[in-house]
Each structure stands twice: as C-alpha cells, then as structure tokens.
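Q: Sequence isn't available, so here's the structure alone:
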C-alpha cells in the first residue's frame, strides 16, 4: 500500500535456511544491537542485519518482546509458519505428558484406517496402528521403532493420512541407498494405485509424487530439492535419520535442516536415535522441532536421571520395542580370544608395552600405533597393517606356518607375519563356519575392514563365500547367492555397507563379529539383519562377538555397553540395555566421541587412567 511505513524489523530465513535473519531499518540500528545481545549465538552480518542459528532463535522467541516497535515488525510467511508449528507441537507434547499412562491405550484401528483414505490397501499390525495414531496426533513426529518393525510402512501411512486431509501432495524420502528397494516395494504394496515413485537423478523429477534421494547427494542437490518441495505442499521423511546426527555441524545435517522448513510435515525414522548419547538425539529432534527439540532434550538429561528424562521425552516419539515384535529372544555372546606368540608381542609393542626385541624398532611402532583403526586391525591380525600391492589385497597366510627364524627384528617379522602365524580370530571363524555348514546353517561374518573381508574370503573359500563391501560391483548377485545357493554357506560383509536395509532372517540365524568399532548404532543395525519381524517362531539366533584379550577390543566392548545402556534408558527399552551386558562365554582376567578417545588414550598409556 502506498504511503505505508517501512517495517522497523524484518524476520526471515537466511539464504541457507538454517538461520533466522533479523533486518532492521536504518533508524533502528541501536535497537537491533540491543536485541542481538539476547541471542548469544547470533552474529552481525552488517550494521542492520543479524543472523541467528535457527535453534537459538526459536528457543529464545521471548527475546523479541524486547523490540520497542512490535506493531511494525514484518515476518516472512515460511518462518512464522515454522514458529507456529513448533509451538503447537510443544503444547501437544505437554498435553500428552499430562495424560499419564492411560494415554497409551490401544487406538481405534478402524478410525486409523479410515484416516488413511480409500487408496490404502496394506495390512497393519496393532503396534503399527498405535504408532500411526500417535504420529498423526502431532504435526511433526519421530518413530524410533526397532529395525524390522515396519517403519517404512508407518511413514507411508502418515503420508497417506496427510494426503487424505489435503495437507500434502508429495513426499520426499531421504534414505541410504540400501533402503531404496524397500521404499519402492512398499509404495507399490500399500496403495491400490501406486504413486509415481522415483529415485532422484541429476534433477528432481517434477512428475514424481514420491521422490527418493540418498544423504550423500543432499548437499549438491539442495537447490533442486528446495524447488521441488516448494512446487506443491510436501512432506519430508528422513529414513535412518541417525545419518544426520551431527545436525547443522555436519554436511548431511545442515542440508536436512535447510530442507525441513520447506515442508508441511516432517517425520524421522530410526531405530538408533542416540547411538553416542544425548547430543545425537538433540540434533535429530532439532530437525523435527527446531528450537524446541534441542531444548527439551538438554533440559531432560541435565539432571542425570535417565528414567525421568525418558518420561519427559516419551511424548515426542513413538517406539515399537523388540519385545513387542514377539521375536524369539537371543543373547549375543562375547568370546574372548587370547593372543599368543608374535601376535601378542607385536600388539603390545603397538600400544607401548615394549619387549626387549621391540625396543629396537620403537619409532616404527610408535608411528603405526597412532591410529585407533590400526589397533583394531592389529587385534585381529597385525599382518593387516602391512601394505600390499593394492589397498584391499588379501593377506595370504602360510598353512601350516613356518618356524620363526632366530635373530630377526620384530618389525621384520611383522612384514612376514602371515608366513609364521594364523591369527586366532580367523581360526575361530573357520571353526564356527565349518560347524554351521556341517548342519546346514549359514553364517554371516562381520568385519569392519575390507582387507580383512578379502582375507577371510580366501580362508573360507571351501564354504563358497559371498562377499559384500563398498566396492562390490555385483552386490545383488552376492546376496542372491547367499540366500538361494545351498553351496554358499557364508556371507562376509561390514556393517558400514550391509548394516541397514537388508533382511537375511529367513536364510541365516548365525552371525560372527570378527571385530567391532565404537559405533553403537551401526552395531544394533547389523544385529537386526538376522533378528527381525517375520522370524519363524522357535528360531534360534546365535551371535558371537570375538574379542582379543587385553586389546582395544575390550575397550570397544566397554564403551558400546555404556552407549547401549544410555540408549535403552532414554528410550525406556530394556531390550537395548540388555545388549549392553553381553554375556561372556567364559571368564577372563570411527564414530568415536570424546569418551571413546579418552578410553583409547588410556589403553595406550597416553593419559593416566581414572
């Protein structure tokens, strides 16, 4: 309108959409400076502009009441809508918390199915109906159900209900590549007329109703995806949302945070929302409820009472537990593996426990022992540390081993270790796979390192191994062979490649971990490849974790137990906590957080133990 006074303050998103931009008119420069002091994480971007991280801005909205000219403040429509969403859901969550235990009563399944509309045709379990009902009671939501509980179907059901209401018309799914097959299958199985579902190519398909993209592409695809979301009312689902647990500090997280406000509805799916502690959970809930999510987690866990924290956070998510799936129980077993001979001497040298022979090569071992991954390799076999002609060249072990020559330095013996010793972990793996094959049971063997995988491929060649790692060109064929070929008794893989999105519970009930790293979420995900919904009643699932004694393996076991204890407590799920107390077979005398690093440094003697 002509003659209308210019706004004293404009509130909008910055160009990245991860910050709020506060822009004042020229006469209000001093007032802006005073207002900025209420946002300690904000920063001046010029004399009349302040930018504040979105979380900080939304958690301190009361600061805006200090602006002396409220009648002339102008809000960007997208930002004011986001503020309204967050405040509404905060009120709804508080109302749920006040309802008490009776609020968890089973929903009316008929009402839930009616909300999905006439195009929905897929069956839903009682726990899926309960989860859908709770998610539909909030504007945005989080489903932390265990792997195998059907989170993909629940997510599509929420979308169907939102579409039936007329709130959204299209869906963006961000997921790992391994989950593409599941989303494509479910989108066809759940609707009488399958929605047009596309995996994103170079640009988003404007005709797609459901668009699927992986986390690795998000950053480069942001402009195109932003346009796709703006073109029609949209919903965003983050599948395996723990991939963006670093929040705005990570590449995946910052891209997700930028896309979130462009959607009418946000939903995250993951069975492992806090693999390393509360910080992960803060970042995930910040995507769902910017400002409110981080603040409520921080306040809930501040006192250290996880039972109380769980009760406060429970209204913000839905979770189906392993117990609710009705699966036959299983108890992973840690099998201690003693190190002897050269293996023991070399490992001790790597962590500073030098023998007289090792002192001669002290500088060499210091350089090898700096990296945690090298210690994990050494606990399996120091021969993995010796460079081959290619990065993933398998180690060829001499069978039977040659005698150790007199007078050789320990470092020289390391270079030829494969000629003198077969690592005890590999011997145990052979025993387990052989015993299982003899009675017709297939075995899934996990190892963090590709070179260990290729080495095991050779050592287990008589059992027709299938192999899947990041560089496998025929992944689908390898999985098909493991599932269908009676002569293929073993699948060798790593959790980074096969830890998500693959079901093997119909063909395999035995798993062996040659090693583990500090990533609790990845460990839990990998366990669920063979223990998930659809397992036949009475099936015996056997999981063995090999741990070299007096090595970093024991540090990893302790730290994983602590992380699983936290996750189980915060999710009010005893089944997760139980995994933190893995039963030992017998009594024995890359995702690292600060506590992991300290534990490793204590192990190598770099810092004093507490």
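A: Nice, I can see it. Since the model is a prediction, treat every value here as computed from it, not as a measurement.
Q: Domain map for the chain?
A: Split into domains by automatic domain parsing, the chain comes to 9-75, 82-320, 330-610.
Q: would a markdown table of those with mean pLDDT be doable?
A: Below are the domains of the chain laid out as a markdown table (pLDDT from 0 to 100):
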| stretch | mean pLDDT |
| --- | --- |
| domain 9-75 | 92 |
| domain 82-320 | 90 |
| domain 330-610 | 84 |
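Q: how distant is the helix ranked longest in the chain from the center of its chain?
A: With DSSP state H setting the assignment, residue counts place helix 77-99 as the longest helix in the chain. Chain-centre distance of helix 77-99: 26 Å, with CA atoms, centre = their mean, to the nearest Å.
Q: Mind listing residues that contact it?
A: 11-13, 20, 58, 61, 103, 137-140, 261-262, 289-292, 296, 311-312, 314-316 (CB atoms under 8 Å, 6 or more residues apart in numbering). Where you see a C-beta, it was placed from the backbone N, CA and C, and this is true even at glycine.
Q: Would you format the domains of the chain as TSV with mean neighbour count included?
A: Formatted as TSV, these follow (neighbours: other CB atoms under 10 Å):
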stretch	mean neighbour count
domain 9-75	17
domain 82-320	19
domain 330-610	18
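Q: Let me see the ranges of the strands in the stretch 101-250 of the chain.
A: For the stretch 101-250 of the chain, the strands defined by DSSP state E, counting those that start in this stretch occupy 141-143, 170-174, 197-199, 210-213, 234-239.
Q: Now tabulate the ones you listed in JSON lines and tack on distance to residue 126.
A: What follows is the strands of the stretch 101-250 of the chain, written out as JSON lines (distance: least, CB to CB, whole Å):
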{"stretch": "strand 141-143", "distance to residue 126": "15"}
{"stretch": "strand 170-174", "distance to residue 126": "25"}
{"stretch": "strand 197-199", "distance to residue 126": "27"}
{"stretch": "strand 210-213", "distance to residue 126": "26"}
{"stretch": "strand 234-239", "distance to residue 126": "22"}
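Q: closest one to residue 278 among those?
A: strand 141-143 (14.7 Å; CB to CB).
Q: Residue 214 touches residue 183, doesn't it?
A: No: taking CB atoms under 8 Å as the definition, residue 214 is not a contact partner of residue 183, at 11.1 Å.
Q: list the residues that contact both of these two?
A: residue 175.
Q: For the stretch 351-500 of the chain, which segments count as strands?
A: 442-446, 466-468, 490-493.
Q: Show me what the longest one is packed against.
A: So that's strand 442-446. helix 424-438, strand 490-493, strand 508-513 (3 or more CB pairs under 8 Å, 6 or more residues apart in numbering; DSSP states H and E).
Q: so what does the first one touch, helix or strand wise?
A: For helix 424-438, the contact count by 3+ CB pairs under 8 Å, 6+ apart identifies strand 333-337, strand 442-446, helix 450-459, strand 508-513, strand 542-548 as packing neighbours.
Q: hmm, who's touching it?
A: By CB under 8 Å, 6+ apart, helix 424-438 touches 335, 337-340, 343, 380-381, 397, 442-443, 445, 455-456, 459-460, 463, 489-490, 510, 512, 514-515, 544, 546, 548.
Q: Redo the strands of the stretch 351-500 of the chain as a markdown table? Include distance to residue 564.
A: A markdown table is the format used below for those (distance: least, CB to CB, whole Å):
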| stretch | distance to residue 564 |
| --- | --- |
| strand 442-446 | 17 |
| strand 466-468 | 25 |
| strand 490-493 | 22 |
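Q: Tell me which of these sits nearest to residue 208.
A: strand 466-468 (29.0 Å).
Q: residues in contact with the closest one?
A: For strand 466-468, contacts defined as CB under 8 Å, 6+ apart pick out 453-454, 457, 475, 478-479, 481-482, 488, 490-493, 497-498.
Q: Relative to residue 232, which of the residues you listed is nearest.
A: Nearest to residue 232 out of the contacts of strand 466-468 is residue 475 (CB to CB; 34.3 Å).
Q: roughly how far apart are residue 15 and residue 122?
A: Residue 15 sits at a distance of 41 Å from residue 122 (criterion: CB to CB, to the nearest Å).
Q: Quick check: residue 23 is in a strand.
A: Yes: with DSSP: H, G, I helix; E, B strand; the rest coil as the criterion, residue 23 is located in a strand.
Q: Which residue, other than its chain neighbours, is closest to it?
A: residue 10 (4.4 Å; CB to CB, 6 or more residues apart in numbering).
Q: which ones are touching that neighbour?
A: By CB under 8 Å, 6+ apart, residue 10 lies in contact with 21-24, 73-74, 76.
Q: could those residues go into TSV alongside distance to residue 114?
A: Formatted as TSV, the contacts of residue 10 follow (distance: CB to CB, whole Å):
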residue	distance to residue 114
21	43
22	45
23	47
24	50
73	42
74	42
76	37
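Q: and which of those is nearest to residue 252?
A: Nearest to residue 252, judged by CB to CB, of those is residue 21 at 23.5 Å.
Q: Roughly how far does the closest residue to that closest one other than its chain neighbours sit from residue 287?
A: Using CB to CB, 6+ apart and skipping residues adjacent in sequence, the residue nearest residue 21 is residue 14, 4.5 Å away. Distance, residue 14 to residue 287, by CB to CB: 17 Å.
Q: Grab the nearest non-local neighbour of the residue nearest to the spatial centre of the chain.
A: The geometric centre of the chain, computed from its C-alpha atoms, lies nearest to residue 242 (CA atoms, centre = their mean), at 3.5 Å. Spatial nearest neighbour of residue 242, excluding adjacent residues (CB to CB, 6+ apart): residue 270 at 4.7 Å.
Q: any idea how far the one you found is from residue 83?
A: Taking CB to CB, one finds residue 270 at 26 Å from residue 83.
Q: Please apply the same query to residue 487.
A: Residue 487 is 62 Å from residue 83, by CB to CB.
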